[in-house]
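Undergrad: Pasting the sequence and the predicted model now:
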Amino acid sequence: MKRAFSLVLLLVILLFVFSALSIDARKYHTKKTKMHKNKKHKNNPAPALAPLPDSSVFSILSFGAKANGVSDDSKALVSAWKSACKVIGGVVEIPSEFKFLIKPVTLQGPCMSNLVLQIDGTLLAPPKIGSWAKSNLYQWMNFKWLQNFTIQGTGTVDGQGSNWWCSSQVNKKKRAKKVPGIKPTALRFYSSYNVTVRDISIVNSPLCHLKFDNSKGVKVENVTISAPEDSPNTDGIHLQNSQDVEIMHSDIGTGDDCVSIQTGCSNIHVHHINCGPGHGISLGGLGKNKSTACVSNVLVENIIMQNTLYGARIKTWQGGIGSVKNVTFSNIQVSDVKVPITIDQYYCDKNQCKNQTGAVAISGVKFDQIIGTYSVQPIHLACSSSVPCTDVDLISIQLEPSINNKRGFQQGLCWNSYGKSLGPLAPSSMDYCVRSGSEFVKRISKSHDISCL
């Protein structure tokens, strides 16, 4: 009995000792594991996750662009455009330090809002005229049916237009046979709303550099547009049938108008522009082939013009109908400009044009603080004999001959223009340039405004 009791007691003691050892072993293992984990976390932190790529940016390089300036990258651009078009705030990226040859393309909407074409590299038009299909001669890059769209960046849009200009007099006739009568505009917007173009450079277009047609809510800011002085018809910015437009803080020098404002335009504000070389800032030509032309509410101010053919100009063809009204040119500094102030209702782009009665009526025009030097003539107001210009005001004009005025005229040409002169005018002959208008003269002008209602 004692022996059995001793055996049970021994088993209990052994069981107790074994349990104690197991618990200690587990504690030690747990402690060691925790120390090991803490040590690993302290000395070897987990690497941070790489940021996800911006899913709204679509680089042309990601769609197969060769980016060598020779291979055709048009399909890559169109593919990137179609992808970005589907995303709110989508960005088509033209990366810097690369050149992309782009054949004529149409980039169209409707797209999701706030689409951006980010041009930081260089876009090149095809340099050989023969590579352009006849159906693509009107524009190189055509943007249409867009809303809330922006073109921006530090890059360049190069039209490579030298072959189109036939500037070499020696081979002019020979080369002219190979040049189509229609030449492409570099960038053209059609039927678009709330569009912005800023910061980019547009150079050497075959024809007009930047055109807005049938568009509304347009802003152009801090752009540089340039082409040689002898490049024909290379307008900087061309507006037609467009409203609510602001063009500002830009440098424009081409072979034609820095800014051209055509029929159907209203509420146009052009300011803080360096213009030259070129033909100045112009309304028109309007009323060609007896067409109706309507332009109203235009403000051009704070402009510097240097070495331009004209300064502030309105030009209309004989025989047209319609009206130009409420136009102000203010604070224009001119330097060696041939004719700083112009209204020409006998505009003709040939050696001779047929005389016609009727004209686009011009009224409510102010030339205010036009200051600087001219090289040919200070003012040229040639208004229609049948439809006089009315309410034309000359205010604080200060013009003197430039050092290049060797055969210029101190006295301007003024014909059938009615209005008033205010403040000191120089040369003083401009005091007699506008006459006091009778009510009869104003009624003639207003009768032509009916077609623009």
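TA: Here it is on my side, so go on.
Undergrad: just checking, residue 330 touches residue 365?
TA: No. If you go by Cβ atoms under 8 Å, residue 330 and residue 365 don't touch, sitting 11.5 Å apart. Where you see a C-beta, it was placed from the backbone N, CA and C, and this is true even at glycine.
Undergrad: who has more neighbours, these two?
TA: residue 365 (25 against 18; other Cβ atoms under 10 Å).
Undergrad: So for the host helix or strand of that one, mean pLDDT?
TA: Element membership for residue 365 (DSSP states H and E) is strand 361-374. Averaged over strand 361-374, pLDDT sits at 97.
Undergrad: May I have it as PDB, with CA atoms only?
TA: Only the C-alpha atoms of strand 361-374 are listed here, as PDB (Å, rounded to 0.1, in the frame of the first residue of the first chain):
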ATOM      1  CA  ALA A 361     -21.000 100.900 -92.500                       C
ATOM      2  CA  ILE A 362     -18.300 101.900 -89.900                       C
ATOM      3  CA  SER A 363     -19.400 103.800 -86.800                       C
ATOM      4  CA  GLY A 364     -18.400 104.300 -83.200                       C
ATOM      5  CA  VAL A 365     -14.600 104.000 -83.700                       C
ATOM      6  CA  LYS A 366     -12.100 105.500 -81.300                       C
ATOM      7  CA  PHE A 367      -8.400 106.000 -81.800                       C
ATOM      8  CA  ASP A 368      -7.100 107.000 -78.400                       C
ATOM      9  CA  GLN A 369      -3.500 107.700 -77.400                       C
ATOM     10  CA  ILE A 370      -1.800 106.400 -80.500                       C
ATOM     11  CA  ILE A 371       1.800 107.500 -79.800                       C
ATOM     12  CA  GLY A 372       5.100 107.100 -81.500                       C
ATOM     13  CA  THR A 373       6.700 107.300 -85.000                       C
ATOM     14  CA  TYR A 374       5.600 106.600 -88.600                       C
END
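Undergrad: and that strand, which strands flank it?
TA: strand 321-337 (parallel), strand 389-395 (parallel), strand 398-401 (parallel) (DSSP bridges).
Undergrad: Save these as a markdown table, and put in mean pLDDT and distance to residue 252 too.
TA: Below are these laid out as a markdown table (pLDDT from 0 to 100; distance: least, Cβ to Cβ, whole Å):
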| stretch | mean pLDDT | distance to residue 252 |
| --- | --- | --- |
| strand 321-337 | 97 | 14 |
| strand 389-395 | 96 | 25 |
| strand 398-401 | 95 | 22 |
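Undergrad: wait, which of those strands is closest to residue 239?
TA: Proximity to residue 239 (Cβ to Cβ) singles out strand 321-337 among those, at 13.5 Å.
Undergrad: Run the chain-centre distance for the closest one.
TA: 21 Å (Cα atoms, centre = their mean, to the nearest Å).
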